[in-house]
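Colleague: Following is a predicted model, sequence given first.
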2 protein chains.
Amino acid sequence: MDPKIFSLFSFMDQMEGKYIHRLKEFVAIKSISESKAHRVDVVKALRWIAFRLKRLGANVSMRRLGKESIYTGDLIPLTKTDELELPDVVVASIGSDVTKRTLLIYGHVDVKQVYESEQWLHDPFDMQVRDGYLCGRGVTDDKGPLLGWLNVIEAFQKTNIFLPVNIKFVIEGMEEVGSEGLHELLNELSMSFFKNVDYVAISDNYWLGQNTPCLTYGLRGVIYFYVTVEGAERVLHSGCHGGAVVEPLTDLVKLLSALTDNQGRPLVPGIYDDVQELDPEEIKRFNTLDFLPPVYQNDIRAQGLHSNDKVELLRRRWCLPSISVHGVEHSFDQPGAPTLICKKVMGKFSVRIVPDQSSKKIAQKVTDYLEMLHQTRGSPNKLEVKVFRDGRPFLADHTCSNYKAAYTAITKVWHKEPDLTRDGAAIPIASALEQSTRKDVVLIPMGQSLDYQHESNERLAIRNFMNGMRVFALYFFQLAAIEIEGSEEEERRQMGREKWRLKMA
Amino acid sequence: MDPKIFSLFSFMDQMEGKYIHRLKEFVAIKSISESKAHRVDVVKALRWIAFRLKRLGANVSMRRLGKESIYTGDLIPLTKTDELELPDVVVASIGSDVTKRTLLIYGHVDVKQVYESEQWLHDPFDMQVRDGYLCGRGVTDDKGPLLGWLNVIEAFQKTNIFLPVNIKFVIEGMEEVGSEGLHELLNELSMSFFKNVDYVAISDNYWLGQNTPCLTYGLRGVIYFYVTVEGAERVLHSGCHGGAVVEPLTDLVKLLSALTDNQGRPLVPGIYDDVQELDPEEIKRFNTLDFLPPVYQNDIRAQGLHSNDKVELLRRRWCLPSISVHGVEHSFDQPGAPTLICKKVMGKFSVRIVPDQSSKKIAQKVTDYLEMLHQTRGSPNKLEVKVFRDGRPFLADHTCSNYKAAYTAITKVWHKEPDLTRDGAAIPIASALEQSTRKDVVLIPMGQSLDYQHESNERLAIRNFMNGMRVFALYFFQLAAIEIEGSEEEERRQMGREKWRLKMA
């Protein structure tokens, strides 16, 4: 082993206990972006990370995003006094050596709400070690990976090894609620701060399974919908009026049930337009992945799946749009047997979109479809469709230098070639970063598929945390070792990529 | 005016203030049968009424119903310690003169829950007088009418006028949650207490509108359903797994939306079997009723109706089955935009049934239909359909002596012939009482259609309260004046009726 790498890895091994303690401190900050009551904690978590960056000698600035204006689904419309300042974004840089490449790293400090229905074995904000796993809200999404990058930089500094790359950071606190205002900031940064960025890396997703490391080149996008149906101004007795009035909850279940067919495929007209054909090479690769439908079904504890075919299942998860209905608000949802007719109900669902779909176009198609259905049914009730969280899909070119660097780093650390995967979940920032830097964005997952992100007992294996950091360190060296571009082939690749960016913009 | 009636009515006029005060005291008892926490208040309300009956010289006994066992929809199954004693039923009689007819009166002391979403102008249990209306939970359903009967008996006693009939009472405290155990008690009473009952009266429903008094001869029945769909044991991230797993909430909205067609008509196969054809005489009568669809639509503040035709609208409300979806439990129903897939959701709906439908048959048909749909769709998720609250429809013969007596009483008090109406809501006890006494049951509504029973600002016009009591008093006299039956025509009528009872049993 290279002596530099040996001393880096030795240092990191000695630090394991401290790394865990540090993550525990980070997890303890209840930075729940969904809850206004915890907005102050989100700010606290951003300051915590900014403080650590400062200690690493980074040039840190906090960038203002302005006021929150997105529709939140609260019953009471936001008034002036309810308006909250969006948490600032941490923008930082370490090193400005013009002879080095510059890597931009993205991360987020915010976490998902803990629901009462979640069954945690302990306080989710008091991180515990259980069977080789670190357990707590946010450990794997995204506090562990984010802290990982900082730990690695510290290791370079403490072992007196020069960082092989200049590093820049963009760290936000509203990822779990749609990153409001961040796109505008990225546009602004694209003129200055992003100018000398060569590569972009994100570590905010997961392996396909438990055993094989992954490198991810594709993501779905997400669009969130609130559908409100408003009937009579009064709640009505169903005995007296049932059969005579057009019931809002009946209207709503009709609309929601018309979103998908019996095989779970979206029924919205035109929703398959612009979906990329799966290329035969990719099908071949899907077939070789470390993935078995029965193991998957057992892992997620599902009663059954829409398909038991490996490729079809991965296609459905990664390459095809899907629609999930999440909830119905304002119906009689408390225990008991009321016989009343609801007066106003709201359904919530999300649509996952895939390359090369435009979220704007799909949002319009879904809205048009719902309005058409409601009108065709002849319901006199008021329908309102609200769209927000407009997350774009992402598809990288996994043959580019950035991916090759990450691929080599992972192979060296895990002694195994990574599976090249896509992911069904959205990281809208991925395509936004590609758009604003015009550079390749690599997704290096740290956690495993069973890390329960957004769920009870979220976790991160200590092994994945430690090896993840080793991957980051080797990745820095690999990036530095990339030959200066300029070949004709690379030029063609860049031109093709630029064309795709323009199409998706 | 007959001097007896004159002194009765004069006395009642003087008592108006006291009657209102008495009702206020009755309303203040929070006898909410839906809530276990208020079970003690239900018992208190039953004691309150038993005490007043005792003071009227009634022979009162409290009949035990046993323990509650009905499925309540609570998350946690009832354990031994959670089991509650059902409130006793008040069984009372006043007078046993063999030369008089005996009238059985039914009433209930329990009220519906007050939901947070209701917009009361004052504490619903602190009855207030507003614009000639008494406002408070239970005033019109059924505390006002029930107290009315007692006030009238008191008036006879205080004015030294002999009661023209013997009176019996059956008063319960669990009407709003399905009268569990009452049917068994009625069967028991049919052998003894009901032996000498000649007529039965209930005052627990409403006028068709605001201006014309009604006499009601038909009611729909109600069956309540809980449909549970259980998917994965875990809540899943819709990004990662959407498209691959079969989602319980999608299954549920498909099932609920398949219950009715676009015109709001039930789609359950066989649900129109046994529905009585509307007889041309009845259509003619419906046409003459004091009812206008636009006025009705405005009264209930609806955006529109399934029909604007008078007869069709009344047919839908009274003579045809209907299905209302009330709520979805355990989905992500709190404000916010979670992107999770629910693991287990429950839909609640009720089916209104009509003469001559059997609730058991319809319950089975609905269950079979849902199971068939779920199976046909090929969903691997677990489906469970629970049926409870098995309320039978009711249809009286409005040409019988009991109805004629009530008709005359109403006409004399209101100086106007009552509209002969049906009602869409269920009073399961009506057919149960007919079955167990084998006598005609009359429904004499006291309140108006806009009395908001089960809703915010429930009310009862003071005029309706006072005139309602006058009707009760005259009704007693009318019953006493009925010629002793024995004509061939009456015999034929009774035989036809007996046949219908057997069919509906």
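Modeller: That came through, no problem.

Colleague: The top helix by length along chain A: what's the following helix or strand?
Modeller: In chain A, assigned by DSSP state H, the helix with the most residues is helix A:3-27. Downstream of helix A:3-27, the next assigned helix or strand under DSSP states H and E is helix A:39-55.

Colleague: relative orientation of that next one and helix A:3-27 in degrees?
Modeller: 160 degrees (axes from the mean of the first three to the mean of the last three Cα atoms, to 10 degrees).

Colleague: residues of helix A:39-55 that come out buried?
Modeller: A:39, A:41-50, A:52-53 (16 or more other Cβ atoms under 10 Å in any protein chain shown). Quick note: C-beta positions are derived from backbone N, CA and C, even for glycine.

Colleague: Equivalent analysis for stretch A:429-447, please.
Modeller: Of the residues in stretch A:429-447, those buried under the neighbour-count criterion (16+ other Cβ under 10 Å) are A:429-437, A:439-447.

Colleague: how about that stretch against chain B, any contact?
Modeller: No - contact check for stretch A:429-447 against chain B, using Cβ under 8 Å from any Cβ of the partner chain: none in range, with a minimum separation of 11.9 Å.

Colleague: avg pLDDT for that stretch?
Modeller: Looking at stretch A:429-447 alone, the average pLDDT works out to 95.

Colleague: Output it as PDB - backbone C-alpha positions only.
Modeller: This file holds the C-alpha atoms of stretch A:429-447, laid out as PDB (Å, rounded to 0.1, in the frame of the first residue of the first chain):
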ATOM      1  CA  ILE A 429     -29.900  18.700  -6.500                       C
ATOM      2  CA  ALA A 430     -28.100  16.200  -8.600                       C
ATOM      3  CA  SER A 431     -29.300  17.500 -12.000                       C
ATOM      4  CA  ALA A 432     -29.400  21.100 -10.600                       C
ATOM      5  CA  LEU A 433     -25.700  20.800  -9.800                       C
ATOM      6  CA  GLU A 434     -25.000  19.300 -13.300                       C
ATOM      7  CA  GLN A 435     -26.900  22.200 -14.800                       C
ATOM      8  CA  SER A 436     -25.200  24.900 -12.800                       C
ATOM      9  CA  THR A 437     -21.600  23.600 -12.900                       C
ATOM     10  CA  ARG A 438     -21.800  21.900 -16.400                       C
ATOM     11  CA  LYS A 439     -19.600  19.200 -14.900                       C
ATOM     12  CA  ASP A 440     -20.200  15.500 -14.200                       C
ATOM     13  CA  VAL A 441     -21.900  14.700 -10.900                       C
ATOM     14  CA  VAL A 442     -21.000  11.300  -9.300                       C
ATOM     15  CA  LEU A 443     -23.200   9.600  -6.700                       C
ATOM     16  CA  ILE A 444     -21.200   7.600  -4.200                       C
ATOM     17  CA  PRO A 445     -23.500   5.800  -1.800                       C
ATOM     18  CA  MET A 446     -22.200   5.100   1.700                       C
ATOM     19  CA  GLY A 447     -25.200   3.200   3.300                       C
END
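
Colleague: so what's A:His330 up against?
Modeller: The neighbours of A:His330, taking Cβ atoms under 8 Å, 6 or more residues apart in numbering or on different chains as the test, are A:Cys342, A:Lys344, A:Val345, A:Met346, B:Ser117, B:Asp333.

Colleague: same thing with A:Glu154?
Modeller: Counting by Cβ under 8 Å, 6+ apart, the residues that A:Glu154 touches are A:Leu56.

Colleague: any idea how far the residue nearest to the spatial centre of chain A lies from A:Val177?
Modeller: Residue closest to the mean C-alpha point of chain A, counted by Cα atoms, centre = their mean, is A:Ile427 at 3.4 Å. Counting by Cβ to Cβ, to the nearest Å, the gap from A:Ile427 to A:Val177 is 14 Å.

Colleague: Which parts of the stretch 151-300 of chain A are helices?
Modeller: Using DSSP state H, counting those that start in this stretch, the helices of the stretch 151-300 of chain A run over A:182-190, A:238-241, A:248-257, A:280-288, A:293-299.

Colleague: Among those helices, which comes closest to chain B?
Modeller: Counting by Cβ to the nearest Cβ, chain B lies closest to helix A:238-241 out of the helices of the stretch 151-300 of chain A; the figure is 2.9 Å.

Colleague: got the CA coordinates for the closest one in CSV?
Modeller: Output in CSV follows, covering the C-alpha atoms of helix A:238-241 (Å, rounded to 0.1, in the frame of the first residue of the first chain):
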residue,chain,number,x,y,z
SER,A,238,-75.3,10.5,5.5
GLY,A,239,-78.6,8.9,6.4
CYS,A,240,-80.6,12.1,5.6
HIS,A,241,-78.6,13.2,2.6
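
Colleague: returning to what we had before: any chance of a markdown table for the helices of the stretch 151-300 of chain A, columns mean neighbour count?
Modeller: Output for these, formatted as a markdown table (neighbours: other Cβ atoms under 10 Å in any protein chain shown):
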| stretch | mean neighbour count |
| --- | --- |
| helix A:182-190 | 18 |
| helix A:238-241 | 26 |
| helix A:248-257 | 26 |
| helix A:280-288 | 13 |
| helix A:293-299 | 15 |
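
Colleague: now those helices in TSV, with distance to A:Val197 and mean pLDDT?
Modeller: Listed next are the helices of the stretch 151-300 of chain A as TSV, based on distance: least, Cβ to Cβ, whole Å; pLDDT from 0 to 100:
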stretch	distance to A:Val197	mean pLDDT
helix A:182-190	9	94
helix A:238-241	61	94
helix A:248-257	43	98
helix A:280-288	28	95
helix A:293-299	37	96
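
Colleague: closest to B:Trp500 out of the ones you listed?
Modeller: Distances from B:Trp500 to each of the helices of the stretch 151-300 of chain A were compared using Cβ to Cβ; the shortest belongs to helix A:238-241, at 22.2 Å.

Colleague: Does that closest one reach chain B?
Modeller: Yes - residues of helix A:238-241 are located near chain B by Cβ under 8 Å from any Cβ, namely A:Ser238, A:Gly239, A:Cys240, A:His241.
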